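J.: Sequence and predicted model, in that order:
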Amino acid sequence: MKLAVDELKAGMVIAEPILTKRGQTISKAGETLTNQLIAKLAFYKIEAVTVEDPEPEPEPEPEPEPEPTPAPASAKPESRVSDQITYTQRLKASPKFQKFQSDYALNIGYLKENFEAIIAGGGAECSDLMLENCESLFKSKTSLELLDMLSNMRNLDDPIYTHSLNVALISRSIGKWLKLPKNDLNVLTLAGLLHDIGKTQIPESILNKPDKLTAEEYATMKTHPLLGKKLLNNKGFDSRILSAALQHHERSDGSGYPRGLLEDEMDDFSCIVAIADVYDAMTCARAHRDPLCSFQVIAEFEKEGLQKYHTKYVLTFLERIANAYSNSRIILNNAKTGRVVYINKSNLSRPVIQMDNGDIINLADSVNKDLYIKAIL
């Protein structure tokens, strides 16, 4: 079966060798397509590929949108930014997202009930129920699909429960990329769910303050890891869950809190939860800024030289995130749109872009230093 490049999906199997116009072999028959390989095909302007796999069943179509009013002949073409609106509307209209949204909202309630039970003296007996409650959110979903859905749940925002649920789901994705066994994935998920339970002991006037905290207020906020560890201590929880509550603000270079630990003094699950914690915080809107897109978050991690985070875990995470968005449509900060066609491994936040007019722009080149990806469409 022959498909256009933009119809290809990761996991399909190539039936015939793929050659460039100059005869160079890009891929051999029998090779499984990946997002990176699809992006490479777009880069070489391959128009169609013969694959063995049957076409996947299409997602149920949302209700048809009303036809737009034709623009006058003299009007300028509409910006391709409308692609982002269409994609978001299509995602939110899909039955899969609506089910996710419903399950997500229920889980916020469940999580609050479990926090209250633990604070009242309950313990690890709630662990199985917590995992069962959130299983529908991560079961049978790719990591990219899960991240896309989370990015569209930003209308539900609170400093404890939605953040804790997001960190749990992102941590589990990292664990899957690291090929952790299922039992460890479950412990890691619980570590994400409970990492911020100490914030329940912080005054709401500090927790919900939209302005910058004073030095005294920040000192109070920084006690939440100690308070979380205290709430979970001696209640039968896996020691890695306790460590995540205590250490998720520690940094590999010793610059974190509450103890200023170095990487070899930190628990591995704490290192993973710390990365998920920062990623969720940066992709969430704040009073002083809009949410950052994934490539902007990668840039923030790269700006710090990656020395603050466990090297293997943060590189695995950032490479997976960047590669997941290969072949995705994007908009640059100059309002022009295009498609990611190649990820620069040494500069993950600045890939090669094929613009809508066909031009190829390598964001890693110094001449393009003022350009960056503002949003993924």
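T.: Looks like it arrived, so ask away.
J.: So what are the structural domains in this protein, by residue number?
T.: As assigned by the TED database, the chain contains the domains 2-50, 87-291, 328-376.
J.: Need those in TSV (columns: mean neighbour count, mean pLDDT and distance to residue 307).
T.: (C-beta placed from N, C-alpha, C; glycine too.) Putting the domains of the chain into TSV (neighbours: other C-beta atoms under 10 Å; pLDDT from 0 to 100; distance: least, C-beta to C-beta, whole Å) gives the following:
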stretch	mean neighbour count	mean pLDDT	distance to residue 307
domain 2-50	15	79	27
domain 87-291	18	90	5
domain 328-376	16	94	16
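J.: Quick one: closest of those to residue 320.
T.: For the domains of the chain, proximity to residue 320 was assessed by C-beta to C-beta; domain 87-291 is nearest, at 5.1 Å.
J.: Can you show me the helices along the stretch 251-377 of the chain?
T.: 268-282, 294-303, 311-324 (DSSP state H, counting those that start in this stretch).
J.: Compare the ones you listed and give me the one nearest residue 368.
T.: Here helix 294-303 is closest among the helices of the stretch 251-377 of the chain (C-beta to C-beta), at 13.5 Å.
J.: how about the closest one: buried residues?
T.: In terms of neighbour count (16 or more other C-beta atoms under 10 Å), helix 294-303 has its buried residues at 294, 295, 296, 297, 298, 299, 301, 302.
J.: and for stretch 30-39, what are the contacting residues?
T.: Stretch 30-39 is contacted by residues 5, 8-14, 26-27, 51, 323-327, 340-343 when judged by C-beta atoms under 8 Å, 6 or more residues apart in numbering.
J.: oh, I was asking about stretch 4-19
T.: Contacting residues not belonging to stretch 4-19 are listed as 1, 3, 25-35, 38, 41-42, 46-53, 56 [C-beta under 8 Å, 6+ apart].
J.: can you give me the end-to-end distance of that stretch?
T.: Using C-alpha to C-alpha, to the nearest Å, one end of stretch 4-19 lies 15 Å from the other.
J.: just how off-centre is that stretch within its chain?
T.: Relative to its chain's centre, stretch 4-19 lies at 26 Å (C-alpha atoms, centre = their mean, to the nearest Å).
J.: what's the spacing between residue 171 and residue 234?
T.: The gap separating residue 171 from residue 234 is 24 Å, by C-beta to C-beta, to the nearest Å.
J.: ditto for residue 338
T.: From residue 338 across to residue 234, the span is 55 Å (C-beta to C-beta).
J.: can you check residue 367 too?
T.: Distance check for residue 367 against residue 234: by C-beta to C-beta, it reads 60 Å.
J.: now do residue 292
T.: If you measure residue 292 against residue 234 using C-beta to C-beta, the figure is 39 Å.
J.: from memory residue 256 sits against residue 249, does it?
T.: Yes: shown here, residue 256 and residue 249 form a contact pair, counting by C-beta atoms under 8 Å, at 5.1 Å.
J.: Find the residues that touch each one of those two.
T.: In contact with both residue 256 and residue 249: residue 274, using C-beta under 8 Å, 6+ apart.
J.: quick one, phi psi at residue 119?
T.: Geometry field for residue 119 lists phi and psi as phi -60, psi -30, criterion degrees, to the nearest 10.
J.: so what's it up against?
T.: Contacts here follow C-beta under 8 Å, 6+ apart; on that basis residue 119 touches 197, 200, 231.
J.: let's see it at 7 Å
T.: By C-beta atoms under 7 Å, 6 or more residues apart in numbering, the contact list for residue 119 reads 200, 231.
J.: before we move on, what about residue 40?
T.: Residue 40 neighbours (C-beta under 7 Å, 6+ apart): 26, 342.
J.: And residue 1, by the same measure?
T.: Residue 1 sits next to 50, 51 when contact means C-beta under 7 Å, 6+ apart.
J.: quick thing: my sequence starts at 426, can you match it?
T.: With 426 as the first residue, the last one maps to residue 426.
J.: Let's see stretch 709-724 as PDB, backbone CA atoms only.
T.: Once non-C-alpha atoms are left out, stretch 709-724 reads as follows in PDB (Å, rounded to 0.1, in the frame of the first residue of the first chain):
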ATOM      1  CA  CYS A 709       1.600  25.400  33.000                       C
ATOM      2  CA  ALA A 710       0.500  29.000  32.800                       C
ATOM      3  CA  ARG A 711       1.600  31.400  35.500                       C
ATOM      4  CA  ALA A 712       0.500  34.900  36.500                       C
ATOM      5  CA  HIS A 713       3.600  36.400  34.900                       C
ATOM      6  CA  ARG A 714       3.800  34.200  31.700                       C
ATOM      7  CA  ASP A 715       2.000  31.900  29.300                       C
ATOM      8  CA  PRO A 716       2.700  28.200  29.400                       C
ATOM      9  CA  LEU A 717       5.900  27.200  27.500                       C
ATOM     10  CA  CYS A 718       5.800  24.700  24.700                       C
ATOM     11  CA  SER A 719       7.900  21.600  24.900                       C
ATOM     12  CA  PHE A 720      10.800  23.000  22.800                       C
ATOM     13  CA  GLN A 721      10.900  26.100  25.000                       C
ATOM     14  CA  VAL A 722      11.000  23.800  28.100                       C
ATOM     15  CA  ILE A 723      13.900  21.800  26.500                       C
ATOM     16  CA  ALA A 724      15.700  25.100  25.900                       C
END
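J.: Not counting it itself, show me its contacts.
T.: Under the contact criterion C-beta under 7 Å, 6+ apart, stretch 709-724 has outside partners 579, 582, 635, 704, 707-708, 743, 746-747, 750, 773-774, 797-801.
J.: thinking again about what came up before, ok, the buried residues of helix 719-728 vs residue 686, which is closest?
T.: Among those, and counting by C-beta to C-beta, the member closest to residue 686 is residue 726, at 19.4 Å.
J.: In a strand, residue 451, correct?
T.: Yes: remark: residue 451 belongs to a strand, assigned using DSSP: H, G, I helix; E, B strand; the rest coil.
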